[in-house]
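> A structural model of the following input is requested.
(2 chains)
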There are 2 protein chains.
Amino acid sequence: MINTSIITIGDELLIGQVIDTNSAFIAQEMNKAGFAIIRRVAISDNAYAIENALNEEKKHSSIILMTGGLGPTADDITKPVLCKYFKGQMVVNEAALANVQHIFENILKRPFTERNRRQCEVPDNCTVILNKKGTAPGMIFKEEFEGKNITVVSMPGVPSEMKGMMIDDVIPMVTKEYKVTHIIHKTALCVGVGESTLADLLIEFEQNLPPNIKLAYLPNYGMVRLRLSATIEDNENTKIETLFLKMQSVVKPYLASDMDESMESILGKLLQSKGETMSTAESCTGGNIAHVLTSIPGSSVFFDGSIVSYSYKAKTDLLQVNKSTIEEFGAVSEEVVKEMATGALKNIGSDYTIAVSGIMGPGGGMPDKPVGTVWVCVGDKYNLKTHKFSFRFDRALNIKQTTMNALNMLRNFILEK
Amino acid sequence: MINTSIITIGDELLIGQVIDTNSAFIAQEMNKAGFAIIRRVAISDNAYAIENALNEEKKHSSIILMTGGLGPTADDITKPVLCKYFKGQMVVNEAALANVQHIFENILKRPFTERNRRQCEVPDNCTVILNKKGTAPGMIFKEEFEGKNITVVSMPGVPSEMKGMMIDDVIPMVTKEYKVTHIIHKTALCVGVGESTLADLLIEFEQNLPPNIKLAYLPNYGMVRLRLSATIEDNENTKIETLFLKMQSVVKPYLASDMDESMESILGKLLQSKGETMSTAESCTGGNIAHVLTSIPGSSVFFDGSIVSYSYKAKTDLLQVNKSTIEEFGAVSEEVVKEMATGALKNIGSDYTIAVSGIMGPGGGMPDKPVGTVWVCVGDKYNLKTHKFSFRFDRALNIKQTTMNALNMLRNFILEK
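Predicted structure coming up:
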């Protein structure tokens, strides 16, 4: 296995102002190509931290992928630091210059300034990666260190720019230059069960795994992913397929998918296979169930729309919930979610619907209905099914948990029909 | 300044299956308390990687905060590794045992198993942090290393459990034990302007900053955050307030907020200050604008609801968009978003509304309407304002960009009334 380290540069990551999604993307792509990410390091944008991180990661890895600090402003110091580290001289790169001028003149339609011209200066001992989605060029440096060929790649921190470079340039380059072993992952998704229960079911299975195959438990919002990972040499046969089938049979009662896919994607595929559609009537989730479903490309095939009835007036006007039902039982009640579901089925005209009403917090809790109380109703025009959940998380997590559990309730409703 | 390192443990972070939000939370909280996070390292769940990371981070930092690998399954090895590293013996912790038994019996209502009991074993040389939201206890180890008092804290990787421990135990403990200097951040938000233009405006301002004050540019979805950070000793006076005011005056035409707040929060406060409400009529954003607005606690004061009209039928039935308008101009057109907005204002009864229709990709593009084409309409019952955007990102980014730009359009509409 060729070891890879990721170094992300930027104070915004260290003070927690920005969540690092770049590393996850880089890791996924490198992993698919058969490289092992063994360390990810986030550091401050100062010269000492960058040099020190390079010195350290060279000891662990052959490939070092860096992001950040390539912008046009004074806090962007990655380029001069790398120039000095690899003992180069700054020169204007003509291809990068033409690319950036093109972007300013034809796409951004903004004046091309001296500051932008300086973005096209690069160390003379690097290979330039053209940036198709922005102005800062990427850079590749090569070095020999303790008998290893070290490749250091510096990319911008803007996600779309980094992604373009990873897919179009970095992955093809490292795949060509390093002969790699392969990692195969097989992931199954279990729902409605805890990590401990699954581990008890799988105790014997796990003990008998060969040394090159590893089982990991990844719990997330009421679901647990079970991931088998096999490290194999070229052309080697692996037993992972057989073991993966065996694992699925052990956890069968809880199995929702034999792929690493999301709950919304499982439900979307189920609806698509039946040629049916769904809608949502959302109060406490405020449109998040609709948002999650429509994040799937092509979701218009199975998703018709949603009514987010946040106010009482929206519940009565848009979903024809009876005012008397709200007055008698409260907006967070089995009766109200049933009327919301009925209204959504009628007004949106979908085959199925999900209706939710709850108290997400931090305010709004009552003695008999504390924060985290959520009523969910799923069904079609013939039949409705309700469930009351009691979550005990913060607002954002309560919204996510409600979303995932509601999607799973509709999935079960359809499967049990 | 007391240096802190964060070590996150888990293969799921290195293969990119999970995005690391824990580190951002820990960094924010430590930063507020006056500690500098200087490195964040993600490593694999194997003993060598954990020991090696501890050895390395001890060189850089006095406080090492670790998350992950404390679960009940075989891939969770942090606890035995730390026990060996700090030369302890495993013993059952009675307080942790009582806590976990309580959680199983009274909250989860699941049987308490031998596997759960083992979660209450901890090294005898650590201080236990009780887990109020889960079963794995946290651990605090102390060590002297090269004349420094090193504190190593191990917390679970489940976000809600880690967050509880950070707030209730870790922050109070480190604040008490380490005398700290302070970091003050002041952040302003600019909208509708690029990073380079801002940097040109601020060139003189930035050159004249004192050495203990730093300016950072943080671009994000059509917005740029400008952050001034001052490192100061106890009781020292700082010029940051004066400089922050000066910086705001320089970027005034683009200034949206003098706080580190989100666009949805700025719009929500504006509506609240006027005692008015809004709604959304969403096609391509699929409910994300409503979701973003309702992520704010108490948003029911200014948000009435939303109609997510994903299908043509939903557009005509729920928003009374004319079928002929869709046929003549297409669903992604100025005419359709205007009718959607009119329908939403009438049916939901809000003071303002946002209507959006566009092509988010990857499919659905047409020669005259490529992927990234979005029509946005904002307004009230007297006046509507429209704008066509051309984004060039992927589906998820197009949805986010549309959301932020639409919120900003409504903000400007209200301010310019």
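> which SSE is the closest residue to A:M263 other than its chain neighbours in?
What sits nearest to A:M263 in space, not counting adjacent residues and going by Cβ to Cβ, 6 or more residues apart in numbering or on different chains, is A:L407, at 4.7 Å. In this view, the C-beta of every residue, glycine as well, is placed from N, C-alpha and C. Here A:L407, judged by DSSP states H and E, is contained in helix A:395-416.
> please save the CA atoms from that helix in PDB.
Only the C-alpha atoms of helix A:395-416 are listed here, as PDB (Å, rounded to 0.1, in the frame of the first residue of the first chain):
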ATOM      1  CA  ARG A 395     -32.200  21.200  17.400                       C
ATOM      2  CA  ALA A 396     -30.000  20.300  14.400                       C
ATOM      3  CA  LEU A 397     -29.800  16.600  15.500                       C
ATOM      4  CA  ASN A 398     -33.500  16.400  16.300                       C
ATOM      5  CA  ILE A 399     -34.300  17.600  12.800                       C
ATOM      6  CA  LYS A 400     -31.900  15.000  11.200                       C
ATOM      7  CA  GLN A 401     -33.100  12.100  13.400                       C
ATOM      8  CA  THR A 402     -36.700  13.000  12.600                       C
ATOM      9  CA  THR A 403     -35.900  13.100   8.900                       C
ATOM     10  CA  MET A 404     -34.100   9.700   8.800                       C
ATOM     11  CA  ASN A 405     -36.700   7.900  11.000                       C
ATOM     12  CA  ALA A 406     -39.600   9.300   9.000                       C
ATOM     13  CA  LEU A 407     -38.000   8.100   5.700                       C
ATOM     14  CA  ASN A 408     -37.500   4.700   7.300                       C
ATOM     15  CA  MET A 409     -41.100   4.600   8.500                       C
ATOM     16  CA  LEU A 410     -42.400   5.200   5.000                       C
ATOM     17  CA  ARG A 411     -40.000   2.600   3.600                       C
ATOM     18  CA  ASN A 412     -41.300   0.000   6.000                       C
ATOM     19  CA  PHE A 413     -44.900   1.100   5.200                       C
ATOM     20  CA  ILE A 414     -44.400   0.400   1.500                       C
ATOM     21  CA  LEU A 415     -42.500  -2.900   2.100                       C
ATOM     22  CA  GLU A 416     -45.200  -4.200   4.400                       C
END
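> check which helices and strands it sits against.
Secondary-structure packing of helix A:395-416 (3 or more Cβ pairs under 8 Å, 6 or more residues apart in numbering or on different chains; DSSP states H and E): helix A:263-274, helix A:288-294, strand A:352-358, strand A:373-379, strand A:384-390.
> so A:I38: helix, strand or coil?
State at A:I38, reduced to three classes by DSSP: H, G, I helix; E, B strand; the rest coil: strand.
> residues near it, how many?
Neighbour count for A:I38, taken as other Cβ atoms under 10 Å in any protein chain shown: 20.
> now A:P362
Residues near A:P362, counting by other Cβ under 10 Å: 12.
> please, which helix or strand holds it?
Using DSSP H and E, A:P362 falls outside every helix and strand.
> I'd say it and A:A396 touch.
No. Between A:P362 and A:A396 there is no contact under Cβ atoms under 8 Å: 10.9 Å.
> re the thing from before, the helix holding A:L407: how far from the chain's middle?
Counting by Cα atoms, centre = their mean, to the nearest Å, helix A:395-416 is centred 18 Å from the centre of its parent chain.
> can you show me the helices along the stretch 51-200 of chain A?
Taking DSSP state H, counting those that start in this stretch to define them, one finds helices in the stretch 51-200 of chain A at A:78-85, A:94-102, A:114-118, A:159-165, A:171-177, A:195-201.
> in which helix or strand would I find the residue lying farthest from the centre of chain A?
Largest separation from the mean C-alpha position in chain A: A:S324, at 42.7 Å (Cα atoms, centre = their mean). For A:S324, the host element (DSSP H and E) is helix A:323-329.
> and the contacts of that helix?
A:312, A:315-316, A:333, A:335-336, A:339 (Cβ atoms under 8 Å, 6 or more residues apart in numbering or on different chains).
> out of those residues, who's nearest B:T373?
A:K315 (34.1 Å; Cβ to Cβ).
> right, and the closest one touches A:A331 too?
Yes. Contact criterion Cβ under 8 Å: A:K315 and A:A331 qualify, at 6.9 Å.
> for the residue nearest to A:M263, which residues are in contact?
A:263-264, A:267, A:289, A:292-293, A:354.
> what's the pLDDT at the nearest residue to A:P80 once chain neighbours are set aside?
Spatial nearest neighbour of A:P80, excluding adjacent residues (Cβ to Cβ, 6+ apart): A:M90 at 7.5 Å. On the pLDDT scale, A:M90 is placed at 93.
> hey, what's A:M90 bridged with?
Following DSSP bridges, A:M90 is listed with bridge partners A:P123.
> what's the answer for A:K148, then?
The partner residues for A:K148, given DSSP bridges, come to A:F145.
> quick one: it and A:T4, what's the gap?
12 Å (Cβ to Cβ, to the nearest Å).
> and the two? Which one has more around it.
A:T4 (28 against 14).
> would JSON lines of the helices and strands packed on helix A:395-416 with distance to A:E144 and mean pLDDT be doable?
JSON lines is the format used below for the helices and strands packed on helix A:395-416 (distance: least, Cβ to Cβ, whole Å; pLDDT from 0 to 100):
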{"stretch": "helix A:263-274", "distance to A:E144": "45", "mean pLDDT": "96"}
{"stretch": "helix A:288-294", "distance to A:E144": "48", "mean pLDDT": "97"}
{"stretch": "strand A:352-358", "distance to A:E144": "59", "mean pLDDT": "98"}
{"stretch": "strand A:373-379", "distance to A:E144": "59", "mean pLDDT": "98"}
{"stretch": "strand A:384-390", "distance to A:E144": "58", "mean pLDDT": "96"}
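> got a list of what A:V224 touches?
A:189-191, A:193-195, A:198, A:217-218.
> which of these fall in strands?
A:189-191, A:217-218 (DSSP state E).
> restrict those residues to contacts with chain B.
A:217-218 (Cβ under 8 Å from any Cβ of the partner chain).
> tabulate the ones in strands among the contacts of A:V224 in CSV, adding columns for pLDDT.
Shown next, in CSV, are those (pLDDT from 0 to 100):
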residue, pLDDT
A:L189, 94
A:C190, 93
A:V191, 87
A:Y217, 86
A:L218, 82
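> just the buried members of the ones in strands among the contacts of A:V224?
Neighbour counting by 16 or more other Cβ atoms under 10 Å in any protein chain shown classes A:189-191, A:217-218 among the ones in strands among the contacts of A:V224 as buried.
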